[in-house]
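# Could you work out the structure for the sequence below:
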Amino acid sequence: MSALAPALQAYFTDRLIGQRGASPNTIAAYRLTFQLLLRFASKRTGKPPSKLDIAALDAPLIAAFLDHVERERGNSPATRNNRLAAIHSLFSYLAPHHPEHAASIARVLAIPHKRTERTLVTYLTEEEVEALLRACDQSQWTGRRDHAMFALTIQTGLRISELAALICADITLSTGANVHCVGKGRKERRTPLVPQTRNVLKAWLAERAGNPTDPLFPTTTGKHLSRDAIERRLARHLVLAAQRCPSLNRKHVTMHTLRHTAAMRLLLSGNDVTVIALWLGHEQITSTNAYLHADMDHKQQAIDRTNPLPAKPGRYQPTDTLMRFLEEL
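Predicted coordinates:
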């Protein structure tokens, strides 16, 4: 057995779990990264994963893997950077334990993160939300499950990992109806439920008839839906929804888009970004500022409040051309 296998096991048990107390979501994300990396390295070198050594995971191979993640798997630069962060974390752990590979490890640690563009967030309009929810065939059990799942996400803005982990006991339908979850950074929070969502979940729980510890949105075999399964269900319903609402064809919609939709609903209702940050469980308020950039109503209100000052000698006055430009923004 090579040194890589025990080192990788020790990294998960000693570093991530024992020392850092990493969350299950972090461990799952890192595990997936190394599954993909070992599969890629095995195919590239012709050796089974158990025969791979630390020296085989050199900087050229890691760079080729990151290129494979973007080009062949179709992942975004942000996902590529997340994979690299996991690899850097592993090699930082390997450095003091395997000094014989110090030069190779240093070259891997020198691989930079890729700069990414910040695009405007995508969210659904009320018409698109209605089309999506109507696309769930409520004559079938899976359709009623999906309808309740999407309605909850659109109203509360839960992350897909938070949604997949919900159990029946996480829903409170009495006075102060809310959904309980443990989110990113293991932060526990409760998000209020509006009457419409409360009624949908009340009907679903009555049909679900599960124990408090059972998954809220299970598979047909009673297990938790995986994140990939949830995304596939959404994609399936979007095909039907786009027939009723063609504007959906111009948007790349994922479960995170439904989270953005919840945030934009709160913003357009006049809520401050600090309230939205608490609602979504953001670690920093800067993460919430992206919704301000996506809201054209706020920008139009700013333009409407921009009135030229009375003319005085020496005071700058905007030209007619500039004013027309501002009005067209």
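# Now the residue nearest to the spatial centre of the chain: closest residue in space that isn't a chain neighbour?
Computing the C-alpha centroid of the chain and ranking residues by C-alpha atoms, centre = their mean puts H256 first, at 5.1 Å. Distance criterion C-beta to C-beta, 6 or more residues apart in numbering; nearest residue to H256, sequence neighbours excluded, is I160 at 6.9 Å. C-beta coordinates here come from the backbone N, C-alpha and C atoms, glycine included.
# Check the one you found and give its pLDDT.
Note on I160: pLDDT of 92.
# residues contacting it?
R227, I230, E231, M255, H256 (C-beta atoms under 8 Å, 6 or more residues apart in numbering).
# What's the separation between the fourth one and L225?
Distance, M255 to L225, by C-beta to C-beta, to the nearest Å: 11 Å.
# that older thread, tell me the buried residues within the contacts of I160.
Neighbour counting by 16 or more other C-beta atoms under 10 Å classes R227, I230, M255 among the contacts of I160 as buried.
# who are the neighbours in contact with the last one?
M255 makes contact with T153, I160, L163, R227, I230, E231, L234 under the criterion C-beta under 8 Å, 6+ apart.
# Low-confidence regions, this protein specifically.
Under the criterion pLDDT under 70, the flagged ranges of the chain are 1, 118, 292-329.
# before we move on, the earlier item: so which helix or strand takes in the residue nearest to the centre of the chain?
helix 255-268 (DSSP states H and E).
# A78 too?
Using DSSP H and E, A78 maps to helix 77-97.
# quick one, strands of the stretch 151-300 of the chain?
171-172, 178-182, 188-192 (DSSP state E, counting those that start in this stretch).
# partners of the second one, with directions?
In this case it means strand 178-182. Partner strands and pairing direction for strand 178-182 (DSSP bridges) are strand 171-172 (antiparallel), strand 188-192 (antiparallel).
# What's the local residue count around L152?
Counted with other C-beta atoms under 10 Å, residues neighbouring L152 total 25.
# If we ignore the residues flanking it in sequence, what's nearest it?
Distance criterion C-beta to C-beta, 6+ apart; nearest residue to L152, sequence neighbours excluded, is T197 at 6.1 Å.
# Touching, the one you found and A151? I think so.
Yes: with contact defined as C-beta atoms under 8 Å, T197 counts as touching A151 (5.7 Å).
# residues in contact with stretch 259-266?
Residues contacting stretch 259-266 (C-beta under 8 Å, 6+ apart): 121-124, 129, 153-159, 275-276, 279-280, 288, 291, 294-295.
# how close does R145 get to A277?
R145 sits 30 Å away from A277, going by C-beta to C-beta.
# hmm, back to that, could the contacts of M255 be laid out in a markdown table, adding distance to G74?
Output for the contacts of M255, formatted as a markdown table (distance: C-beta to C-beta, whole Å):
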| residue | distance to G74 |
| --- | --- |
| T153 | 24 |
| I160 | 18 |
| L163 | 23 |
| R227 | 17 |
| I230 | 19 |
| E231 | 14 |
| L234 | 17 |
